[in-house]
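# Take a look and give me a structure for this.
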Amino acid sequence: MHEVFTENYAGKPLRKYQLWDTLQAFASSMTSALATEAVLKGAGVGSELDYDCKKWRLVADIMNDLAFFIDLLSPALSGSFFICACTSSLLRAVVGVAGGATRTAIVQHQARRNNLADVASKDGSQETMVNVTALISSLIMLPLVSGKHTLIWFLFMAFTGVHLYANYRAVRSLNMETLNLKRATILIRVPSAHLRTCDDYTLLYDTQRNIGWVALTNGAPSLSPLRAVFDTEIIAFKKETSEKQFDEFISEISSKGWRAEGPNLGYDEWTYTRK
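The predicted structure follows:
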């Protein structure tokens with residue numbers, strides 16, 4: 001009797017309800033996506049995720065920990081619970097977009113043999129294993145710390161410190177070969193090494209550590225050691241050197257009684273021969 005009633009009287013209204021309910025759910029999801037995109041754009045997410053993924057990966061983790069901090073703090077701020085809940089939800093929305101996008105960029109970087117799917121599956125399996133281990137550990141830990149607010153805050157600060165430090169070390173271990181705007185600017189403005197080769201010596205200067213190395217050729221003229229030191233100092237002060245400048249320097253120190261030739265510049269006896 002019930003089946004007959006449902007088929008005769010509730011069938012058409014139910015199908016009509018499901019149709020319109022599906023349509024409204026789809027429209028609501030689309031408006032939610034548009035609103036979320038606008039919020040994330042306002043927060044600066046979406047324009048730098050690909051070319052600056054290391055920074056946004058770390059920012060996403062900091063926002064995630066900040067959301068957890070607000071959640072733990074919300075019971076003590078009962079009058080502002082709604083504001084705390086909205087703020088933590090907004091932070092998690094940013095984390096969801098930034099974390100997912102940067103993870104894709106990192107996995108793409110790690111796929112050295114164009115095996116993106118393979119690397120992504122292994123990364124997902126590793127994350128699943130970690131989540132299962134964390135779930136078991138949390139089931140053991142929560143009954144032991146329930147109601148102990150001091151211990152809870154201590155554990156939160158400890159785990160947060162480990163989380164942020166591990167993420168910092170993780171992004172530092174990534175050596176991106178692709179040039180973004182910041183890396184290109186660094187390479188253009190501050191070259192890591194300056195190499196100069198001439199007939200009498202070879203000079204290599206590391207601008208990051210302010211260290212220079214000079215190798216003299218076999219049979220180099222007596223002024224070549226001083227010329228190499230002169231060029232090294234000029235490079236250290238980021239100036240252009242020329243033969244005329246060195247000749248003027250030699251003339252000036254010679255006029256004041258200095259001897260430009262001598263073995264006291266710290267060179268050893270090793271030389272090399274050009275082929």
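
# The residue most central in space within the chain: what's it in contact with?
The centre of the chain sits closest to Lys54, judged by C-alpha atoms, centre = their mean, with a distance of 2.0 Å. Counting by C-beta atoms under 8 Å, 6 or more residues apart in numbering, Lys54 makes contact with 102, 171, 174, 176. Using the backbone N, CA and C atoms, a C-beta is placed for each residue, glycine as well.

# And those, which of them are buried?
When the contacts of Lys54 are checked for burial by 16 or more other C-beta atoms under 10 Å, the buried set is 102, 171.

# quick one: what helix or strand has the residue nearest to the centre of the chain in it?
Using DSSP states H and E, Lys54 falls within helix 53-73.

# and the helix or strand that that helix is followed by, how far from the chain's centre?
Counting by DSSP H and E, the next helix or strand C-terminal to helix 53-73 is helix 81-110. Between the centre of helix 81-110 and the centre of its chain there are 15 Å (C-alpha atoms, centre = their mean, to the nearest Å).

# quick one: average confidence on the helix or strand following helix 81-110?
Using DSSP H and E, the helix or strand that directly follows helix 81-110 along the chain is helix 116-145. Averaged over helix 116-145, pLDDT sits at 83.

# For Leu66, report the pLDDT, please.
91.

# Next: Val190.
Val190 is assigned 57 on the pLDDT scale.

# do the same with Leu91
85.

# How about the contacts made by the nearest residue to it once chain neighbours are set aside?
Leaving aside its sequence neighbours, Leu91 sits nearest to Ala67 (C-beta to C-beta, 6 or more residues apart in numbering; 4.1 Å). Residues in contact with Ala67 (C-beta under 8 Å, 6+ apart) are 87-89, 91-92, 95.

# so can I have a markdown table of the residues you listed showing neighbour count and distance to Thr150?
Formatted as a markdown table, those follow (neighbours: other C-beta atoms under 10 Å; distance: C-beta to C-beta, whole Å):
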| residue | neighbour count | distance to Thr150 |
| --- | --- | --- |
| Thr87 | 16 | 25 |
| Ser88 | 21 | 22 |
| Ser89 | 12 | 27 |
| Leu91 | 22 | 25 |
| Arg92 | 17 | 27 |
| Val95 | 20 | 28 |
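
# quick one: which of those is nearest His194?
Val95 (42.4 Å; C-beta to C-beta).

# what does stretch 206-225 rub up against?
By C-beta under 8 Å, 6+ apart, stretch 206-225 touches 190-194, 199-205, 228-229, 232, 235-236, 250, 260-261, 265, 267, 270-274.

# how many other residues sit next to the nearest residue to Cys84 once chain neighbours are set aside?
Residue nearest to Cys84 in three dimensions, not counting chain neighbours: Ser74, with 4.0 Å by C-beta to C-beta, 6+ apart. For Ser74, the neighbour count with other C-beta atoms under 10 Å is 17.
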